[in-house]
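Enquirer: heads up, no residue letters with this:
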Ligand code: ADE
Ligand code: ZN
């Protein structure tokens, strides 16, 4: 099973590029840019990663992102992730970036997107990993701030496939961003949103009905609402589930108690992703492996999860077919 999981072609659809900032790179960039961080060693940084919930993680995650200043920093961050992803046989990535985390510190939008995109292009030519970029709005900030960010992104429309919604969920329902998402869809962006990670099933309904999302990021709390499960199953709306993240942030007490297998068995289009791997202790391969072991997933489950990720991606039907045929061949 271990070798199968390593070899199976993967698509990663829920990955915050700022969440791939490994402690080693954080220290290096802090020194390179003369930024003070409240840690003196890599070990000290790792020790600080003891989270009780989403907010306790976000506080440390936003603080860590302060070391990202120059275009080269965003390049190094993204390239580091892609090299790591290649070892997990990741073939396609749809990555999130949070421009507001950077523009609020007077880092230019172009600096951020140019660095990320140059690395993604190198990743495609040198590692064979295709990509899409998803711009997330920070939901703890205002809808007006999100709208201004959308305006700022318009000149870069050809490089951003979709918009998403992340950060502190409870108290910031999708409805708050209905107008921003209407405008984004009018401009041709696809939409996704984090919902049902810590927030209630109502937030998932809002993401579907008001934001008209293509996928729900997380969505694990959908299981509390049978009518919602029926809707998600009928429409085959994908859920980008992040098992190790859910454990580190206390959404489930242990991986053995995670509801991923129940979601799969309910007929939902479930995918496995790493969310913020530098903070949660595992990249996509490790998420597959630990979840398989904890929930005793069968080879058929792994096969379905791997295929779901390509089905749920923004790739063309032809590319999806090609990747899925390769998965089928490995599993046969
Ligand atoms: N930003 C980065 N990781 C996140 C998560 N798991 N939930 C919400 N916002 C995030
Ligand atoms: Zn996330």
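Expert: The structure has been received and is ready for your questions. The model shown is predicted, which means the values in this text are computed figures rather than measured ones. Ligands and ions are numbered 1, 2, ... in the order given.
Enquirer: contacts, neighbours, all on C-alpha from now
Expert: OK.
Enquirer: For whatever residue of the chain ends up closest to ligand 1, report the pLDDT, please.
Expert: Nearest residue of the chain to ligand 1 (CA to the nearest ligand atom) works out as residue 167 at 3.4 Å. pLDDT recorded at residue 167 is 97.
Enquirer: and what of residue 1?
Expert: 89.
Enquirer: Contact partners for it?
Expert: residue 299 (CA atoms under 8 Å, 6 or more residues apart in numbering).
Enquirer: Enumerate every residue touching the residue of the chain closest to ligand 1.
Expert: So residue 167 contacts 58, 138-140 (CA under 8 Å, 6+ apart).
Enquirer: Try it again at 7 Å.
Expert: 138-140 (CA atoms under 7 Å, 6 or more residues apart in numbering).
Enquirer: counting contacts, what elements does whichever helix in the chain runs longest pack onto?
Expert: Determined from DSSP state H, the single longest helix within the chain is helix 71-87. Where contact means 3 or more CA pairs under 7 Å, 6 or more residues apart in numbering; DSSP states H and E, helix 71-87 is packed against helix 109-122.
Enquirer: avg pLDDT for the helix it packs on?
Expert: Helix 109-122 comes out at a mean pLDDT of 98.
Enquirer: Name the residues that touch the helix or strand just after it?
Expert: Once helix 109-122 ends, the next helix or strand along the chain (criterion: DSSP states H and E) is strand 130-138. With contact meaning CA under 7 Å, 6+ apart, strand 130-138 is reached by 91-98, 100, 120, 124, 146, 159-167.
Enquirer: Isn't residue 29 up against residue 67?
Expert: Yes. In this structure, residue 29 is within contact of residue 67 by CA atoms under 7 Å, at 5.7 Å.
Enquirer: between these two, who's got more neighbours?
Expert: residue 67 (23 against 20; other CA atoms under 10 Å).
Enquirer: Report the contact partners of the more buried one.
Expert: Contacts of residue 67 (CA under 7 Å, 6+ apart): 26, 29-30, 35.
Enquirer: Okay, and the beta partners of residue 165?
Expert: residue 137 (DSSP bridges).
Enquirer: Quick one: name the residues of this structure near ligand 1.
Expert: 16, 166-168, 275-276 (CA under 6 Å from any ligand atom).
Enquirer: now do 8 Å
Expert: Proximity of the chain to ligand 1, by CA under 8 Å from any ligand atom, involves residues 15-16, 18-19, 54, 58, 61, 138, 165-169, 194, 197, 245-246, 275-276.
Enquirer: What subset of these is buried?
Expert: 15-16, 18-19, 54, 61, 138, 165-169, 194, 197, 245-246, 275-276 (16 or more other CA atoms under 10 Å).
Enquirer: Can you add pLDDT and give the contacts of residue 167 back as TSV?
Expert: Conversion of these to TSV gives the following (pLDDT from 0 to 100):
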residue	pLDDT
138	98
139	98
140	98
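Enquirer: Columns distance to residue 263 on top of those, output as TSV?
Expert: Output for the contacts of residue 167, formatted as TSV (distance: CA to CA, whole Å):
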residue	distance to residue 263
138	27
139	26
140	28
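Enquirer: Go through these and name the one nearest residue 213.
Expert: Residue 213 lies nearest to residue 139 out of the contacts of residue 167, by CA to CA, at 15.6 Å.
Enquirer: give me the number of residues near the closest one?
Expert: 23.
Enquirer: what's the answer for the one 5 residues further on, then?
Expert: Close neighbours of residue 144, defined as other CA under 10 Å, add up to 12.
Enquirer: and it, what are its phi and psi?
Expert: phi -60, psi -40 (degrees, to the nearest 10).
Enquirer: how close does it sit to residue 109?
Expert: Separation of residue 144 from residue 109 (CA to CA, to the nearest Å): 17 Å.
Enquirer: same question, residue 264
Expert: Taking CA to CA as the measure, residue 264 falls 39 Å from residue 109.
Enquirer: repeat for residue 285
Expert: 31 Å.
Enquirer: So the two - more neighbours on which side?
Expert: residue 285 (23 against 16).
Enquirer: Secondary structure element for that one, which one?
Expert: Counting by DSSP H and E, residue 285 is found in helix 284-295.
Enquirer: and the next element down the chain from that helix?
Expert: helix 299-311.
Enquirer: could you give the angle of that following helix to helix 284-295?
Expert: 140 degrees (axes from the mean of the first three to the mean of the last three CA atoms, to 10 degrees).
Enquirer: tell me which residues in helix 299-311 are buried?
Expert: 302-311.
Enquirer: residues making contact with that helix?
Expert: Contacts of helix 299-311 (CA under 7 Å, 6+ apart): 10-11, 269-272, 320, 324, 331.
Enquirer: Residue 57: how many residues sit nearby?
Expert: Residue 57 - counted by other CA under 10 Å - has 18 other residues nearby.
Enquirer: Now do the same contact list for it.
Expert: residue 51.
Enquirer: where's it, which helix or strand?
Expert: helix 54-64.
Enquirer: pLDDT on that helix, on average?
Expert: On average, helix 54-64 scores 95.
Enquirer: Show the pLDDT at the nearest residue to residue 64 once chain neighbours are set aside.
Expert: Distance criterion CA to CA, 6 or more residues apart in numbering; nearest residue to residue 64, sequence neighbours excluded, is residue 26 at 7.0 Å. If you check residue 26, the pLDDT there is 97.
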